Each structure stands twice: as structure tokens, then as C-alpha cells.
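Asks: The sequence and its predicted three-dimensional model are supplied below.
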Amino acid sequence: MATISSTSTSSTATTTKTSSTASTTKTGSAASINKSTANSILTSLGSGSGVDTDTLVGQLVDAQFAAKRAQITAKTEKLTAQISDAATLKNFVSDFAKAVNTLVTGGSLATQPNVSDPRVAGATAISGAPMSASASANVTVTSLATVQTVTSAKLGKTDQFGTGKLTINIGTATYSAGKMTDLAVGTASDGSALSFDVDIAPPNDTLSGIAAAINARNTGVTAAIITDADGGAFLSLKGQSGTAQAFSMTGSGGTLDTLSIGKDATATSKLSVVGQSANAKLSVDGVSVERPSNEISDLVPGVKLTLAGTGSMTLTGTRPDTALTNGVKDFVETFNQLLNEVKQQTNAVDGSLRADPAAKQLLRNLQGFASKTLLPDAAPGTPSTLAGIGVTTDKTTGELTIDDAALTKAMKDSPDSIQAMFTPNSFGATGLNAAMQSLKLSSGSTLYGLGATDLKLRKAQDDLTKESAKIDEQSTRFSARLTQQYASMNSRVSAYKQTQSFMKQQIDGWYKSS
């Protein structure tokens with residue numbers, strides 16, 4: 001199982017520190033801006049050089065809104081960190097659940113079936129229905145399942161058969177001397193007869209057109225054109241395996257009657273039966289059975305047999321003890337990584353998600369995981385939880401720990417229970433994989449999980465963005481008002497200075513004349 005790493009811890013610490021520094025700096029700068037502005041007014045008015053209204057207005061606007069902007073910046077940085085940390089936890093759980101699913105469905109933790117003679121049959125484990133390690137069976141194959149095969153005499157590729165139809169019936173045939181003498185037509189699930197009409201018309205009334213039309217009808221009968229070395233064409237038809245999958249075909253219209261097969265075929269028919277449909281016949285531990293296919297999944301629990309020939313063989317199972325033990329260890333290692341990440345984000349002192357109900361619920365779910373029932377239908381006296389196979393919770397750290405002696409004993413005494421925990425079942429409702437998928441769904445829920453947390457935080461982030469835009473609008477209006485006021489003041493000061501200059505000139509003239 002791949003180890004999943006996370007860097008959310010360092011990013012959170014950095015974000016918090018930056019936020020605090022920015023807030024302190026911007027709040028402290030407001031007082032200095034006010035003092036600087038006052039000095040600028042006094043200096044400018046006394047110097048006679050005029051007031052620098054652009055700089056002055058900018059400083060006053062900054063001073064007016066510095067505290068609000070600092071608060072929004074701090075809140076935004078905090079929300080950004082929370083969104084990032086919530087996404088980290090959600091993705092961690094999702095990736096962990098995916099890794100567990102890959103592990104348990106890969107087949108490496110299931111008992112593997114073995115056959116003594118692969119020339120008789122092969123055997124593979126069925127996902128979701130593990131074979132018991134103690135299971136075994138003696139299998140004797142008498143005959144294999146076969147398909148009905150029909151081949152035509154040599155025909156011309158461009159021969160045209162005219163307008164009409166082919167009627168294909170599926171059922172159980174009676175054969176005699178290599179010919180089909182009768183066919184009991186089967187019925188579909190809705191009770192209708194398994195009878196299909198295939199319409200034929202020029203220009204698709206050649207062999208290739210007829211084969212394409214049969215295949216397009218999806219009756220279970222497939223058609224192909226085989227060409228020999230001389231360029232002659234043969235129409236080949238095949239049904240599905242099993243006694244009840246024989247087929248007849250009756251042509252009507254044009255010369256389509258020459259493509260008939262079955263009890264209604266005339267002497268002019270170009271088709272012949274070269275292979276008959278039949279069930280596979282075998283015995284399992286002395287019990288004789290028949291199956292319509294050479295792939296059989298309902299005789300030995302958890303095993304699919306693929307019949308290959310006649311004869312006898314023995315089926316046994318090998319439990320992957322080493323793989324199961326390593327699977328337990330890999331799960332515990334990654335589980336503890338996830339647990340520590342959640343503990344850090346929900347730390348009561350500095351955890352960015354310490355007040356988030358979804359993150360806290362995830363922590364509670366993880367802390368009780370070892371005692372969670374994985375096999376509700378476990379037989380009395382057999383383990384149904386991780387704690388029952390030696391995986392317990394450390395009282396100090398809350399992490400999962402493995403008691404090797406207890407795990408070894410459980411592997412010896414209850415191997416099927418351990419295998420059931422670490423392999424999928426038919427309904428996917430029990431076992432470790434089901435528990436992890438449930439944890440993934442609950443923790444990622446947009447109603448009450450981390451998905452809901454993400455929506456809530458992003459809504460708050462959007463509200464801050466709107467508030468920031470509102471402050472920008474207010475500062476713009478404030479700047480315009482100040483600019484107008486100081487422009488008017490500057491105009492008056494300029495007029496006063498002109499009057500002062502005129503009066504000075506007059507007084508200086510008086511002194512000179514006297």
C-alpha cells in the first residue's frame with residue numbers, strides 16, 4: 001500500500017505566522033501615517049511651496065482603511081489555510097480508501113486455487129467470494145461444452161440471393177447422422193419464443209451483406225465469411241455453447257432458401273451442420289453435473305473452473321499468509337499517518353480545524369476504528385474486528401499497534417476470518433474495504449463532512465472578497481472627496497499668498513518712498 005504524505009502542517013504554521021506579522025505591521029503603520037500626514041500639512045503650509053495633495057490624500061486614505069484591510073487580510077489567510085488543510089484531510093482519506101480498495105480487490109490477499117492437472121481444467125479465484133484455504137475437490141470431466149457450427153458449400157463472393165428474410169430459431173436440437181432433425185424452440189425471459197427475423201434486400205444480399213445482417217441482429221448466432229486459396233467463399237455460422245443453444249435457420253424469398261438449416265431445410269440447401277451443441281459433463285466429488293459453458297463458477301465456492309479437456313484432477317487452495325500479514329502492517333502504517341494528520345489539524349491549541357465539527361468527527365471515527373465490526377456475520381468465537389486479530393489502539397497516542405503474537409495466533413486459528421476482512425465480498429458491505437469506503441463517503445460528505453466544511457469556508461472567503469471590494473469602493477470615494485477638499489484648500493492658500501505678496505510689495509514701496 002502506497003504511503004501517503006502531506007505538507008499541510010508546515011503550510012499552516014507559515015500562514016499563521018505571516019498573518020500575525022501582517023496584521024501587526026499594518027495596524028502599527030496607521031499611527032505613523034497619521035503623524036506623517038500632520039507634519040506634511042504643517043510643513044507645506046509654512047513653506048510657501050504648496051501642498052502635495054496626491055501624496056497627502058494617499059496617506060490619509062491608507063490610514064483610514066489600514067486597520068480594516070489588515071483584518072480582512074488576516075481572515076483571508078486563515079481561511080486559505082483552513083481550506084487547504086480540509087482538502088488535505090479529505091484527499092488523504094480518499095487516497096487511503098482507494099489504496100485499500102486496490103489492495104483487497106487485486107486478488108493477492110485471497111486464497112489461490114491450484115489444480116493438479118491443468119490439461120483438464122484451470123482455476124482462478126472469484127473476486128468477492130474467497131475460497132476457503134481448507135477447501136478441496138476432486139473433479140472429473142467427461143465431455144466439454146460445444147457450440148453448433150454450420151458451414152456452407154463453396155459459394156461466390158458476389159452471388160446475390162435477392163429480397164426476403166432469414167428466420168433464426170434458438171433451442172434444443174435433435175441430431176441424426178450429422179443433420180438436425182428437430183428443434184424445440186426455447187423462450188426468452190419474457191416468455192416469447194427465441195425466434196428472430198433477419199431482413200435481406202439488395203444490394204446487401206451478397207454473402208458479406210447477409211453475414212453483416214445476421215451479426216447486427218444479435219441473436220447469439222454469429223456469421224463469418226471464410227475464403228479459400230482459390231477465392232471461393234464459405235458462410236460459417238456459430239451459436240453459443242450448451243445443449244439449449246442450438247439453432248435453425250430458414251430462408252424465404254429470392255434464393256435465400258438455399259441458406260436454410262434444420263428440419264425445414266430443402267435438398268437445395270447449401271448449409272451443413274459440422275458441429276453440434278452440447279453441455280459440459282463432469283462430476284465434483286462424485287456428483288455428476290452438466291453446465292452449458294466450459295467456464296463454471298457455481299460448483300466450488302470462490303473458484304471459477306475453466307474446462308480444458310477430459311480427465312480427472314484435484315483442486316486445492318493456498319492461503320497467502322505472508323501477503324495477509326504484510327497487508328495488515330501496511331494498513332496500520334498508513335492509518336497512523338492519517339490519524340496523526342487529523343490530530344494535528346484538530347489540535348485544541350493551534351490546529352487550523354480545531355473548531356470544525358467534520359474534522360473532529362473524523363478523528364473520533366479513526367480513534368474507534370480498531371473496535372469497528374468488520375464482519376457482522378462472523379461465527380461465534382471468531383474475530384470480527386481488527387482488535388480481534390491483534391490490532392489494538394495505543395491508549396497514549398491513539399495509534400494502531402500490532403501484537404505480532406496475537407496476529408500469528410489468529411492467522412492459525414481463524415484464517416478465513418482474516419481473509420474475509422481483507423478481501424471483498426459479493427455485496428461490498430463488510431470487511432475492511434467496505435469500512436474504508438464508508439469512512440471516505442462520510443468524511444467527504446457535502447452535507448456534514450469535510451465537503452461541507454469546504455463549502456462553508458469558501459462561502460466565508462467569498463464574503464471577505466465582497467467586503468474587500470466594498471472597502472475599495474469606500475476608499476475610492478473618500479479619496480475623491482479629500483482630493484476635492486485639498487484642491488479647494490490649496491486654491492485658497494495660493495490666493496492668500498498672492499495677497500500677502502501684494503501687501504508686502506505695497507509696504508516695501510511705502511518704506512522706500514518715505
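Replies: Looks like it came in fine.
Asks: What distance do you get for Asn169 to Leu183?
Replies: Noted for Asn169: a distance of 6 Å to Leu183, by Cβ to Cβ, to the nearest Å. For every residue, glycine as well, the C-beta is placed using N, CA and C.
Asks: more crowded one of the two?
Replies: Using other Cβ atoms under 10 Å as the criterion, Asn169 and Leu183 rank with Asn169 on top: 22 against 19.
Asks: tell me the contacts of that one?
Replies: 183, 185, 193-196, 247-250, 262 (Cβ atoms under 8 Å, 6 or more residues apart in numbering).
Asks: Which among the residues you listed count as buried?
Replies: 183, 194-196, 247-250, 262 (16 or more other Cβ atoms under 10 Å).
Asks: Out of these, which comes closest to Gly449?
Replies: Leu194 (50.3 Å; Cβ to Cβ).
Asks: Which residue, neighbours along the chain excluded, lies closest to that closest one?
Replies: In this structure, Leu194 finds its nearest non-sequential neighbour in Ile170, 3.9 Å apart by Cβ to Cβ, 6 or more residues apart in numbering.
Asks: and the one you found, that's in a strand?
Replies: Yes - per DSSP: H, G, I helix; E, B strand; the rest coil, Ile170 lies within a strand segment.
Asks: bridging residues for it?
Replies: Ile170 has these beta-bridge partners by DSSP bridges: Phe247.
Asks: one step back: could you save the buried ones among the contacts of Asn169 as TSV and add columns showing distance to Thr401 and pLDDT?
Replies: Shown next, in TSV, are the buried ones among the contacts of Asn169 (distance: Cβ to Cβ, whole Å; pLDDT from 0 to 100):
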residue	distance to Thr401	pLDDT
Leu183	68	94
Leu194	61	94
Ser195	67	95
Phe196	64	96
Phe247	64	96
Ser248	69	95
Met249	69	95
Thr250	74	95
Gly262	71	91
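Asks: now the strands for the stretch 401-514 of the chain?
Replies: Shown for the stretch 401-514 of the chain, no strands are assigned by DSSP state E, counting those that start in this stretch.
Asks: ditto for the stretch 51-200 of the chain
Replies: Under the criterion DSSP E, counting those that start in this stretch, the stretch 51-200 of the chain carries strands at the ranges 112-115, 121-125, 136-143, 149-152, 164-176, 179-185, 195-200.
Asks: Save those as TSV, and put in distance to Pro301 too.
Replies: Listed next are those as TSV, based on distance: least, Cβ to Cβ, whole Å:
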stretch	distance to Pro301
strand 112-115	11
strand 121-125	11
strand 136-143	10
strand 149-152	34
strand 164-176	30
strand 179-185	33
strand 195-200	37
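Asks: Surely Leu207 and Ile225 touch.
Replies: Yes - using Cβ atoms under 8 Å as the test, Leu207 is close enough to Ile225 to be in contact (5.5 Å).
Asks: Arg119 contacts Ala308, doesn't it?
Replies: Yes - at 6.0 Å, Arg119 counts as touching Ala308 under the criterion of Cβ under 8 Å.
Asks: So if I had to pick from these two, which one is more boxed in?
Replies: Ala308 (17 against 12).
Asks: Please list all residues in contact with the more buried one.
Replies: Applying Cβ under 8 Å, 6+ apart, the residues contacting Ala308 are 118-122, 294.
Asks: mind redoing it with 6 Å?
Replies: Contacts for Ala308 (Cβ atoms under 6 Å, 6 or more residues apart in numbering) come out as Ala121.
Asks: measure Ala173 to Ser277 for me?
Replies: From Ala173 over to Ser277 (counting by Cβ to Cβ), the distance is 7 Å.
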